[in-house]
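Visitor: Okay, here's the prediction I keep looking at, along with the sequence it came from:
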Amino acid sequence: MLRLTAPAGRVTAALGSVLLAGCHTVPAIPAPAPPTTLGGQQPAATPAPAATAPGLTPQQRLATIATGIGPVPADSTTNLPYEYLHHQQWTRSSGAIRREDLRRWRHGDGTGREVTRRAPDVRGVDHQPTPEERTLFAKASPITTQHQGDLHPYLPTPLPTDPTTLAGLLAPPELATEPAYPRLLTWGIVGLATSQYLNQNERTTALHVLATVPGIEYRGTTSDLAGRAGLAFRVHADRSTTTLIIDPATGELLAAQERIAAPRPGLFSSVLILQRGHTDADGVQPEPIPGRLSSTPGSRRTAPTRPAAGRGNGRRPVPGPAAAGIPRPAAAGHPGQDGGTRLERRCWPSVPSQKGV
């Protein structure tokens with residue numbers, strides 16, 4: 001029987017819906033206009049020539065991107081107290097596809113706010129998200145949740161600068177020969193990118209980790225649902241196929257999608273990362289521009305008095321709801337109904353059953 005230790009639980013918990021405690025519903029704030037950039041920099045109009053040169057292996061392409069990426073304006077705003085993340089996700093749930101838009105403000109002390117807009121579910125699981133669907137989120141009613149100390153980063157910071165060490169936190173090396181390992185490591189990277197801000201050095205390390213995923217393939221240039229150009233990489237593992245889209249200029253993950261082949265073929269999870277940054281107040285959307293970070297006109301306000309902000313508190317991380325739509329292998333020893341190998345998870349918060357997916 002294959003057993004996951006506590007580090008492996010980070011990935012397994014991230015590959016399912018996490019039950020969070022210590023939060024309550026509060027009145028929602030108005031939804032700001034959708035951002036068009038990620039991290040404050042315009043997406044690359046064309047991929048970096050070196051990364052798309054013929055004859056390179058996927059590992060060489062990822063290493064080329066990692067060594068050539070530059071900073072984005074938001075990298076210089078990490079001193080501001082609130083980390084801001086915005087993404088949209090499509091998640092398989094009880095024979096349907098759940099569609100959500102999530103904006104999160106997280107303070108270093110674990111407090112913060114999440115604003116969710118949920119579009120109507122799509123019946124069935126053989127679904128492919130489209131750009132047109134994204135307009136539905138603006139029509140949905142916002143639900144705001146205020147967190148009181150339970151909103152933590154995916155991993156404590158600072159993150160390891162050594163790729164092998166970081167990979168060991170995302171998926172334990174003792175599972176490296178298991179069929180599910182490439183899936184675990186890939187979605188560990190996705191969970192990290194969708195749950196906390198990664199600065200330039202951290203993005204570089206994450207790309208080097210991605211290059212170690214067994215069997216990773218390069219699929220050429222493409223664009224995501226927001227029309228941003230990037231390079232596509234694909235991972236086949238455990239009867240699933242995951243496609244990642246990476247901005248070669250910044251090293252940022254733009255989007256990720258997983259489809260499974262059996263026993264119920266179709267979409268399992270898709271995430272579109274729209275904006276990352278920092279702001280000085282809970283509920284204020286940052287608008288990074290070169291040299292400074294501003295906010296929506298008329299909405300800027302003074303940040304509440306709090307302890308000095310930190311990007312980690314040294315406590316064992318609890319994956320945030322940004323990772324809630326990420327698929328996980330089910331529990332130990334049997335094929336999961338999602339088509340993934342069942343792995344036993346222990347020493348980690350309970351997650352709902354994936355039966356019926």
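Guide: Perfect, I can see it now. All of these numbers come straight from a predicted model, not from anything done at the bench.
Visitor: Show the model's pLDDT score for residue 23.
Guide: Residue 23 carries a pLDDT value of 37.
Visitor: in the stretch 201-350 of the chain, which spans are strands?
Guide: With DSSP state E, counting those that start in this stretch as the criterion, the stretch 201-350 of the chain has strands at 217-223, 229-237, 240-246, 253-260, 266-279, 286-289, 292-295, 344-345.
Visitor: looking at those, which is closest to residue 96?
Guide: For residue 96, the closest of these is strand 266-279, at 10.5 Å, according to CB to CB. The C-beta positions use only the backbone N, C-alpha and C, and glycine is treated the same way.
Visitor: With just CA atoms, put that closest one into CSV.
Guide: Extracted C-alpha coordinates of strand 266-279, given in CSV (Å, rounded to 0.1, in the frame of the first residue of the first chain):
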residue,chain,number,x,y,z
GLY,A,266,-13.6,14.7,-19.8
LEU,A,267,-12.5,17.9,-18.0
PHE,A,268,-11.3,17.5,-14.4
SER,A,269,-9.9,20.9,-13.6
SER,A,270,-9.0,24.1,-15.4
VAL,A,271,-7.5,27.3,-13.9
LEU,A,272,-6.8,30.7,-15.4
ILE,A,273,-4.5,32.9,-13.4
LEU,A,274,-5.4,36.5,-14.2
GLN,A,275,-3.5,38.7,-11.7
ARG,A,276,-1.0,38.6,-8.9
GLY,A,277,0.3,41.5,-6.9
HIS,A,278,0.2,43.3,-3.6
THR,A,279,-1.9,46.2,-2.2
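Visitor: packing partners for that strand?
Guide: Taking 3 or more CB pairs under 8 Å, 6 or more residues apart in numbering; DSSP states H and E as contact, the helices and strands that strand 266-279 lies on are strand 82-93, helix 181-195, strand 253-260, strand 286-289, strand 292-295.
Visitor: let's go with 6 Å and repeat that
Guide: Judged by 3 or more CB pairs under 6 Å, 6 or more residues apart in numbering; DSSP states H and E, the packing partners of strand 266-279 are strand 82-93, strand 253-260, strand 286-289.
Visitor: and those as JSON lines, adding distance to residue 50 and mean neighbour count?
Guide: Formatted as JSON lines, the entries for these read as follows, by distance: least, CB to CB, whole Å; neighbours: other CB atoms under 10 Å:
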{"stretch": "strand 82-93", "distance to residue 50": "29", "mean neighbour count": "23"}
{"stretch": "strand 253-260", "distance to residue 50": "19", "mean neighbour count": "25"}
{"stretch": "strand 286-289", "distance to residue 50": "26", "mean neighbour count": "22"}
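Visitor: Put together JSON lines for these, with distance to residue 161 on each row.
Guide: Below are the helices and strands packed on strand 266-279 laid out as JSON lines (distance: least, CB to CB, whole Å):
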{"stretch": "strand 82-93", "distance to residue 161": "20"}
{"stretch": "strand 253-260", "distance to residue 161": "19"}
{"stretch": "strand 286-289", "distance to residue 161": "24"}
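Visitor: Which of the strands of the stretch 201-350 of the chain sits closest to residue 193?
Guide: So among the strands of the stretch 201-350 of the chain, strand 253-260 is nearest, using CB to CB, at 4.3 Å.
Visitor: relative orientation of that closest one and strand 266-279 in degrees?
Guide: Between strand 253-260 and strand 266-279, the angle formed by their directions is 160 degrees, by axes from the mean of the first three to the mean of the last three CA atoms, to 10 degrees.
Visitor: Can I get strand 253-260 in PDB? Just the C-alpha atoms.
Guide: These are the backbone C-alpha positions of strand 253-260, laid out as PDB (Å, rounded to 0.1, in the frame of the first residue of the first chain):
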ATOM      1  CA  LEU A 253       2.100  30.300 -15.000                       C
ATOM      2  CA  LEU A 254      -0.900  31.700 -17.000                       C
ATOM      3  CA  ALA A 255      -3.200  28.700 -17.100                       C
ATOM      4  CA  ALA A 256      -3.400  24.900 -16.400                       C
ATOM      5  CA  GLN A 257      -5.900  22.300 -17.400                       C
ATOM      6  CA  GLU A 258      -6.300  18.600 -16.700                       C
ATOM      7  CA  ARG A 259      -8.500  16.100 -18.600                       C
ATOM      8  CA  ILE A 260      -8.800  12.500 -17.600                       C
END
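Visitor: Would you tell me which of the strands of the stretch 201-350 of the chain gets closest to residue 133?
Guide: Taking CB to CB as the criterion, strand 266-279 is the member of the strands of the stretch 201-350 of the chain that comes nearest to residue 133, at 10.3 Å.
Visitor: just to revisit the earlier point, can I get the strands of the stretch 201-350 of the chain in a markdown table including distance to residue 182 and mean pLDDT?
Guide: Written out in a markdown table, the entries for these read as follows (distance: least, CB to CB, whole Å; pLDDT from 0 to 100):
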| stretch | distance to residue 182 | mean pLDDT |
| --- | --- | --- |
| strand 217-223 | 11 | 97 |
| strand 229-237 | 4 | 97 |
| strand 240-246 | 8 | 98 |
| strand 253-260 | 12 | 98 |
| strand 266-279 | 15 | 96 |
| strand 286-289 | 34 | 62 |
| strand 292-295 | 37 | 30 |
| strand 344-345 | 18 | 30 |
